[in-house]
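Chemist: this one's structure only:
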C-alpha cells in the first residue's frame with residue numbers, strides 16, 4: 001500500500017523500479033544502499049516540493065588563443081645553435097673591419113626601426129655587442145655602442161613590466177627586472193665605463209644582456225597565457241619605442257592613397 005502511494009504521487013518512478021532492489025541487495029549490498037538512498041531521496045524531495053541540489057559550477061579555465069600558442073611554440077623551436085640561442089663571444093679587437101661594420105649596422109637598423117636598443121645576435125652575429133639609447137630623451141637621443149657588458153650590482157627591488165622584442169614582434173611578456181643596476185662595459189673605442197642605470201634604461205640593458213646569453217623575453221613565460229598580443233598603443237618597454245602619432249600618420253597616408261585611386 002505504501003509503495004503504491006509513493007508511486008501514485010510521483011509519475012517518474014514505477015513500482016518495478018522500487019521493488020527491484022530486493023534482487024540488487026542479494027548481489028550488491030553496498031550498491032543497493034547507495035541506490036536506495038539516492039532514489040528514495042529523489043522521491044521524498046518530489047513529494048515535499050524540494051528542488052534537487054545543483055552541483056557547484058566548475059571554474060572556467062582561461063584558454064590561450066592560437067596566436068599565443070604559436071608565439072610560445074615559435075620561441076621554443078628556435079635552433080639551439082643559432083645566434084639567438086648561443087652565448088655570444090666577447091670582442092677583443094675593436095679595429096677589425098667586420099667589428100666596425102657591425103657597430104654601424106646596429107645603429108643604422110635601430111634608427112630605421114625606431115628602437116631603443118638592439119643586440120648583435122638579433123642580426124645573426126654572435127658578439128657581445130648591443131646598441132642602447134642612454135639619453136634622457138630616448139626619441140631624439142644618440143645610440144651608444146655597448147661592448148662586453150657586465151652587471152656589477154643590482155637592487156633587490158624588482159618591477160614587472162611588459163617587454164617587446166623585435167625578434168618576435170607582435171607579442172609582449174611581463175618580465176620582472178631590478179629597478180636599478182650598476183654596470184660596466186666598453187665603448188666602441190675600447191674605453192672602460194662604469195655607471196648606474198635605473199628604470200627603463202636598466203630594463204633595456206638587461207633585456208639586451210639576455211640576448212647575449214642566448215635568452216629571449218618569451219623564456220620568462222611559463223605558459224602561452226603569459227604572452228600577450230601587442231596592441232596599437234604607446235609602448236616604451238624592452239626594445240620597442242612605438243608612438244601612436246606615427247601609426248596614425250601611416251594610416252592617414254594609406255587612406256589618402258586609397259581616396260586618390262577611387263577618384264581615378
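Modeler: That came in fine, so what should we check first? Predicted, not measured: the structure shown is a model, and the values here were computed from it. Numbering: from 1, shown residues only.
Chemist: Got phi/psi on the residue lying closest to residue 156 once chain neighbours are set aside?
Modeler: Of all residues not flanking residue 156 in the chain, residue 178 sits nearest, at 7.7 Å (C-beta to C-beta, 6 or more residues apart in numbering). C-betas here are computed from N, CA, C, even on glycine. Backbone torsions of residue 178, given as degrees, to the nearest 10, read phi -60, psi 140.
Chemist: where's residue 178 relative to residue 155, distance?
Modeler: Distance from residue 178 to residue 155, counting by C-beta to C-beta, to the nearest Å: 5 Å.
Chemist: So for those two, which sits in the more crowded spot?
Modeler: Neighbours per residue (other C-beta atoms under 10 Å) separate residue 178 from residue 155, with residue 178 holding more: 18 against 15.
Chemist: Residue 152 is in contact with that one, correct?
Modeler: No. Under the criterion of C-beta atoms under 8 Å, residue 178 is not in contact with residue 152, lying 12.0 Å apart.
Chemist: For stretch 60-69, buried residues please.
Modeler: By neighbour count on 16 or more other C-beta atoms under 10 Å, the buried set for stretch 60-69 is residue 68.
Chemist: Provide the contact partners of it at residue level.
Modeler: 72, 170-171, 223-225, 227-229 (C-beta atoms under 8 Å, 6 or more residues apart in numbering).
Chemist: hmm, who's touching the longest strand along the chain?
Modeler: The single longest strand within the chain, with elements called by DSSP state E, is strand 143-154. Residues from elsewhere that reach strand 143-154, judged by C-beta under 8 Å, 6+ apart: 90-91, 94, 103, 106-107, 110-111, 128-134, 178, 180-188, 190, 194, 205-206, 208-209, 212.
Chemist: And those residues, which of them are buried?
Modeler: Counted by 16+ other C-beta under 10 Å, the contacts of strand 143-154 give 91, 94, 103, 106-107, 110, 128-134, 178, 181, 183, 185-186, 188, 205-206, 208-209, 212 as buried.
Chemist: Restricted to helices, list those.
Modeler: 103, 106-107, 110, 205-206, 208-209, 212 (DSSP state H).
Chemist: now these as JSON lines including distance to residue 116 and pLDDT?
Modeler: Shown next, in JSON lines, are those (distance: C-beta to C-beta, whole Å; pLDDT from 0 to 100):
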{"residue": "103", "distance to residue 116": "17", "pLDDT": "94"}
{"residue": "106", "distance to residue 116": "12", "pLDDT": "93"}
{"residue": "107", "distance to residue 116": "13", "pLDDT": "92"}
{"residue": "110", "distance to residue 116": "8", "pLDDT": "90"}
{"residue": "205", "distance to residue 116": "10", "pLDDT": "95"}
{"residue": "206", "distance to residue 116": "13", "pLDDT": "95"}
{"residue": "208", "distance to residue 116": "9", "pLDDT": "96"}
{"residue": "209", "distance to residue 116": "14", "pLDDT": "96"}
{"residue": "212", "distance to residue 116": "16", "pLDDT": "96"}
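Chemist: Of those, which is the nearest to residue 86?
Modeler: The closest of those to residue 86 turns out to be residue 212 (C-beta to C-beta; 9.8 Å).
Chemist: Please name the nearest non-neighbouring residue to the closest one.
Modeler: Counting by C-beta to C-beta, 6+ apart, residue 88 is the residue found nearest to residue 212 once chain neighbours are left out, at 4.4 Å.
Chemist: And for that neighbour, the neighbour number?
Modeler: 21.
Chemist: again, but for residue 102
Modeler: So residue 102, with other C-beta under 10 Å, has 20 neighbours.
Chemist: before we move on, the earlier item: from residue 126, how far off is the residue nearest to residue 212?
Modeler: 5 Å.
Chemist: quick one: common contacting residues for these two?
Modeler: Common neighbours of residue 88 and residue 126 (C-beta under 8 Å, 6+ apart) are residue 120.
Chemist: how about stretch 219-231: buried residues?
Modeler: 220-221, 224, 227-228, 230.
Chemist: Could you give the bridge partners of residue 228?
Modeler: In this entry, residue 228 is beta-bridged to residue 172, by DSSP bridges.
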